[in-house]
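Engineer: When you get a sec, could you give me coordinates for this:
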Amino acid sequence: MFFLQGQISPKDLIPAKLCHSGRIAALSLIERRSAMIYSHEELLGHTRLPLTLAEIILFIIIIYLLVAEGGKWRIWLGSLLLVYWIVLVAGKFWPPPKVEVPKSPLATKIAVREDPTTANFVWSSEYRVGFWWHFFPVKKYFLIYKRALEEKILTQDDFIIPAHLGDQDLALVHSRGYLLRLYLLAFTPMGFINGENPISWYILKKLKVACGGTYLACKIALEQGIGMNLGGGFHHAFAGHEEGFCHLNDMAVAIRKLQVERFIDRAMVIDCDVHQGNGTAAIFQGDDTVFTFSIHQDDLYPYQKACSNYDISLPGSMRVDDENYLEQLKVLPDLIKKHHPDLVIYLAGADPFKEDRLGGFLLTKQGLMDRDAYVLRLCADRGIPIAVVLGGGYAPNINDTVEIHLNTVRVVDRLLN
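Structural biologist: This is a model prediction of the structure:
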């Protein structure tokens, strides 16, 4: 049974709280008060400084070089580092690009691909990153691919390899100043100490391929109804800065590129990660061609939420299980009907799992599989192309995270067949 029926007691809910075009918080008054009680460690995460610790330290070093007594080499080195620092920091505050989305009836749009494929799943060996020292379990990308083949869920013929996206494509969403910042970080040691978002040239190259993977999955979805990228879902990346293990917002780039190329007019993002997709929400805020939906834990990172078109923000104290979670998703049919998207991008996060280290929801593997089936069938029954990306997952045992993502693959494959 794909969708579990269930009801939430009226005592658990208060009237919907609207934020702009539809932010909802399903909290009781007592739960809302308890959700505002944070530990000292949590409070430190509520205020995000405009500069990273590494940038602050570098600035102190620059000042020391410029004011301390010594030879001219100090002045030259300090001046050079100061220019580097100014450009690096300015990239965060560069204004986002202004992209005019062409308006054209769907009937006039050209064919999606000149080389249509029978493959529905996108994966590249470039997704493998030597990130062993980071909290984000990047090796899951290869393990999902490997197990899908070993368990004969998929064959090699089911996969297609994406190409990387160029800076011109990325600049449809990310500011030129921010892209310059990423290059400066990637080519210097500063990239390795860039807080929670370390980056190198090696990593940046692979991120561009992952963006290309989401774009390709979207085009496959437009061709065949469903496409899935075994990667992507970098929903914390803003137009002008990196955040939350995310440098480039692959979903936003794919949507903008498809709009500019006149493959779609309207899109919808259904974000089912346990963390709000604040970067995606901020990028498309005020844009009526893209509808952003997010169901997430309220008292969790990011503590300063952006405003999606429709947010379901649930507290950890609510002890959200399979039944409660799936009940909340019943708003989706009306939202889809209202927005009429030409394409849906579904972020199938694995971190609502009950054992996840960075989440407080209590969903089981079966519940997450039911969630996937509900969202995918919802779009399939309405003839709406849907592209799937992975998002987060931080279970203590990486095999649990891999199994959850693999279940999403199973659901997609079952619908295709």
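
Engineer: use CA for all of it now, contacts and neighbours both
Structural biologist: Noted.

Engineer: Enumerate the strands of this protein by residue range, in sequence order.
Structural biologist: 23-25, 121-122, 159-160, 226-229, 267-271, 290-297, 310-314, 343-347, 386-389 (DSSP state E).

Engineer: Val83 and Ile62, how far apart?
Structural biologist: 10 Å (CA to CA, to the nearest Å).

Engineer: Those two: which is more packed in?
Structural biologist: Ile62 (21 against 10; other CA atoms under 10 Å).

Engineer: Centroid-nearest residue for this protein?
Structural biologist: His235 (2.2 Å; CA atoms, centre = their mean).

Engineer: and the longest helix for the chain?
Structural biologist: Looking across the chain with DSSP state H, the single longest helix is helix 201-224.

Engineer: Which positions within that one qualify as buried?
Structural biologist: 201, 203-224 (16 or more other CA atoms under 10 Å).

Engineer: That helix to strand 343-347, inter-axis angle?
Structural biologist: If you take axes from the mean of the first three to the mean of the last three CA atoms, to 10 degrees, helix 201-224 sits at 130 degrees to strand 343-347.

Engineer: could we number from 37 for the rest of this?
Structural biologist: Got it, first residue is 37 now, which makes that one helix 237-260.

Engineer: what residues are up against Val123?
Structural biologist: Gly213, Arg217 (CA atoms under 8 Å, 6 or more residues apart in numbering).

Engineer: Quick one: the helices in the chain, in order.
Structural biologist: 65-71, 76-80, 89-103, 108-126, 176-186, 203-206, 212-222, 237-260, 286-296, 314-319, 358-364, 368-375, 401-417, 434-452.

Engineer: looking at the ones you listed, which is closest to Ser344?
Structural biologist: Within the helices of the chain, the stretch nearest Ser344 is helix 314-319; the backing value is 4.7 Å (CA to CA).

Engineer: Which residues does that closest one contact?
Structural biologist: Contacts for helix 314-319 (CA under 8 Å, 6+ apart): 209, 271-275, 285, 287-288, 328, 338, 341-345.

Engineer: Pick out the most distant pair among those residues.
Structural biologist: Val209 and Pro338 (20.8 Å).

Engineer: Mind checking which of the two has more residues around it?
Structural biologist: Legend: neighbour count by other CA under 10 Å for Val209 and Pro338, higher for Val209 (27 against 20).

Engineer: Tell me how far the more buried one lies from Gln295.
Structural biologist: From Val209 to Gln295 the distance is 12 Å (CA to CA).

Engineer: about what we covered before: from the contact counts, what lies against the longest helix of the chain?
Structural biologist: Judged by 3 or more CA pairs under 8 Å, 6 or more residues apart in numbering; DSSP states H and E, helix 237-260 is in contact with strand 157-158, helix 212-222, strand 262-265, helix 286-296, strand 379-383, strand 422-425.

Engineer: wait, which of the ones you listed is closest to Asp205?
Structural biologist: Closest among those, using CA to CA: helix 286-296, at 6.6 Å.

Engineer: From the chain's centroid, how far away is that closest one?
Structural biologist: For helix 286-296, the separation from the chain centroid amounts to 13 Å (computed by CA atoms, centre = their mean, to the nearest Å).

Engineer: Pro138: what's its closest spatial neighbour, skipping adjacent residues?
Structural biologist: The spatially closest residue to Pro138, leaving aside those adjacent along the chain, is Val296, at 6.2 Å (CA to CA, 6 or more residues apart in numbering).
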